[in-house]
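Asks: sharing a model that was predicted from the sequence below.
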Amino acid sequence: MSITILGIESSCDDTSAAVIRDGLLLSNVIAGQSVHEEYGGVVPELASRAHQQNIVPVVATALQRAGVDKHELSAIAFTRGPGLLGSLLVGTSFAKGMSLGLRCPIVDVNHLHGHVLSHFIKKTPDDVVPEYPYLCLLISGGNSQLILVRNYNDMEIIGRTIDDAAGEAFDKCAKVMGLPYPGGPFIDRLAAEGDATKFRFAKPRISGFDYSFSGLKTSFLYTLRDAVKTDAAFIEKNKADLAASLQRTIIEILLDKLDKAVKATGVTTVAIGGGVSANSGVRAAIAYYCKRRHLTAFIPERSFTTDNAAMVAIAGYFKYLDKQFCSYDQTPFARVTV
Ligand code: KG4
């Protein structure tokens with residue numbers, strides 16, 4: 001019998017619903033929230049209110065586009081965390097209510113597992129998926145992790161950031177340059193026209209597979225501060241070169257630990273995920289690195305790098321296969337606790 005999962009994602013500022021049947025994506029609807037633009041960052045209270053407005057039409061549209069009646073659902077998967085508590089509450093409560101009404105089980109999903117497993121979302125039955133074990137470099141606005149994935153429900157974080165995440169490094173440096181929030185995509189665009197060797201920024205020297213980006217951020221700030229003292233128009237004149245040099249340094253930091261982890265684990269497959277995996281430089285660098293080392297690379301399509309319910313549905317599908325259901329007394333979690 002077919003397994004049909006409705007996924008619901010509401011961890012930050014995108015309300016999303018998706019339907020997956022036996023691993024095949026039938027629909028993936030995402031409603032963004034423009035209400036935050038004027039504030040230069042996501043305002044949690046506004047985000048949860050927008051989720052409340054969006055969730056009913058988004059779920060209805062996802063079911064309709066999938067051609068699935070709600071009574072056909074095997075389970076409802078929802079993001080339980082990490083994320084903004086108010087936003088998570090909307091998706092969690094909606095999933096619980098809908099499941100009670102339909103008498104189908106709920107499955108709670110760790111948002112980060114969703115990113116890691118996004119490579120298993122199939123658009124056609126012939127799509128190729130990773131073989132276990134593989135290493136996933138998870139790079140987002142809040143996390144930078146190296147995860148050894150032994151199986152779909154068996155993963156181990158072998159490296160993590162000890163301070164800022166890769167996305168934060170992009171966003172905070174972009175902010176100093178006067179770019180809008182989030183700055184990552186703007187740095188990406190500017191970097192394409194810049195000289196990546198013009199500026200040198202600090203790189204961390206920490207042992208193991210852990211990451212650190214705060215030293216880079218500080219050295220970026222000092223470069224700008226010292227230069228602007230003598231030339232007020234410095235940033236404007238050099239913005240493409242600054243962006244390209246920053247991006248190159250972030251990529252070098254990411255690849256350095258990835259390479260160590262590949263050698264230590266002996267994996268032959270590498271995947272990336274999370275918002276920063278949309279970065280053109282990161283994507284090209286990973287593809288090149290894997291080619292050189294004869295590794296198989298899995299680089300997600302851009303629509304699966306940002307928050308989306310398709311990845312929640314696929315992670316929920318795998319938990320459903322292992323009968324890992326969620327009880328109604330489970331509440332959202334803001335930070336990585338599971
Ligand atoms: O995964 P995500 O949506 O957020 C978290 O759940 O944490 O990732 C958002 C992060 C932001 O820091 C954003 O600047 C970054 O991903 N990002 C990018 C690009 N697109 C998004 N960073 C660099 N280049 C991009 N093209």
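Replies: Yep, that arrived. None of these values were measured; they are calculated from a predicted model. Residues are numbered from 1 along each chain as shown.

Asks: helix or strand for the closest residue to residue 332 other than its chain neighbours, which one?
Replies: Excluding the flanking residues, the one nearest residue 332 by C-beta to C-beta, 6 or more residues apart in numbering is residue 88, at 3.5 Å. All C-beta atoms are positioned from the backbone trio N, CA, C, and that covers glycine. Assessed by DSSP states H and E, residue 88 sits inside helix 85-102.

Asks: show me what the mean pLDDT comes to for the helix or strand following that helix.
Replies: Sequence-wise, the next helix or strand downstream of helix 85-102 (DSSP H and E) is strand 106-110. Averaged across strand 106-110, pLDDT comes to 98.

Asks: and the helices in this structure, which stretches?
Replies: In the chain, the segments counted as helices under DSSP state H are 44-66, 85-102, 111-117, 166-176, 184-191, 214-230, 234-265, 280-292, 309-321.

Asks: the third one close to the ligand?
Replies: No: contact of helix 111-117 with the ligand (C-beta under 6 Å from any ligand atom) is absent, the minimum separation being 6.8 Å.

Asks: now that helix, how far from the chain's geometric center?
Replies: Per C-alpha atoms, centre = their mean, to the nearest Å, the displacement of helix 111-117 from the mean C-alpha position of its chain is 8 Å.

Asks: mind listing what's buried in the helix or strand bottoming out on mean pLDDT in the chain?
Replies: Across the helices and strands of the chain, mean pLDDT, DSSP states H and E gives its lowest value to helix 214-230, namely a mean of 92. The neighbour-count check on helix 214-230 (16 or more other C-beta atoms under 10 Å) flags 214, 215, 216, 217, 219, 220, 223, 224, 227 as buried.

Asks: hang on, the earlier thing: the helix holding residue 88 versus strand 106-110: what angle between them?
Replies: Interaxial angle, helix 85-102 versus strand 106-110 (axes from the mean of the first three to the mean of the last three C-alpha atoms, to 10 degrees): 160 degrees.

Asks: does helix 85-102 come close to the ligand?
Replies: No: for helix 85-102, no contact with the ligand is found by C-beta under 6 Å from any ligand atom; the gap never falls below 11.1 Å.

Asks: what comes up buried for that helix?
Replies: 85-96, 98-99.

Asks: and it, what's its mean pLDDT?
Replies: pLDDT averaged over helix 85-102 gives 98.

Asks: contact residues of this protein facing the ligand?
Replies: Near the ligand, when you scan the chain using C-beta under 6 Å from any ligand atom, you find 12, 140-142, 167, 170-171, 182-185, 187-188, 274-276, 278-279, 306-307.

Asks: OK, contacts around residue 47?
Replies: Counting by C-beta atoms under 8 Å, 6 or more residues apart in numbering, residue 47 touches 12, 13, 33, 36, 84, 86, 87.

Asks: what of residue 238?
Replies: 198, 199, 227.

Asks: gap between the closest residue in space to residue 63 that isn't next to it in sequence and residue 37?
Replies: Counting by C-beta to C-beta, 6+ apart, residue 63 lies nearest to residue 70, which is 5.9 Å off, once chain neighbours are set aside. Separation of residue 70 from residue 37 (C-beta to C-beta, to the nearest Å) stands at 34 Å.

Asks: more neighbours: the two, which one.
Replies: Each of residue 70 and residue 37 has its neighbours counted (other C-beta atoms under 10 Å); residue 70 has more, 15 against 10.

Asks: now do the buried residues in stretch 60-74.
Replies: 62, 63, 66, 68, 72, 73, 74.

Asks: no wait, stretch 145-157
Replies: Going by 16+ other C-beta under 10 Å, stretch 145-157 has these buried residues: 145, 146, 147, 148, 149, 152, 155.

Asks: restricted to strands, list those.
Replies: 145, 146, 147, 148, 149, 155 (DSSP state E).

Asks: residues in contact with the first one?
Replies: Under the criterion of C-beta under 8 Å, 6+ apart, the contact partners of residue 145 comprise 112, 136, 137, 138, 157, 159, 160, 161.
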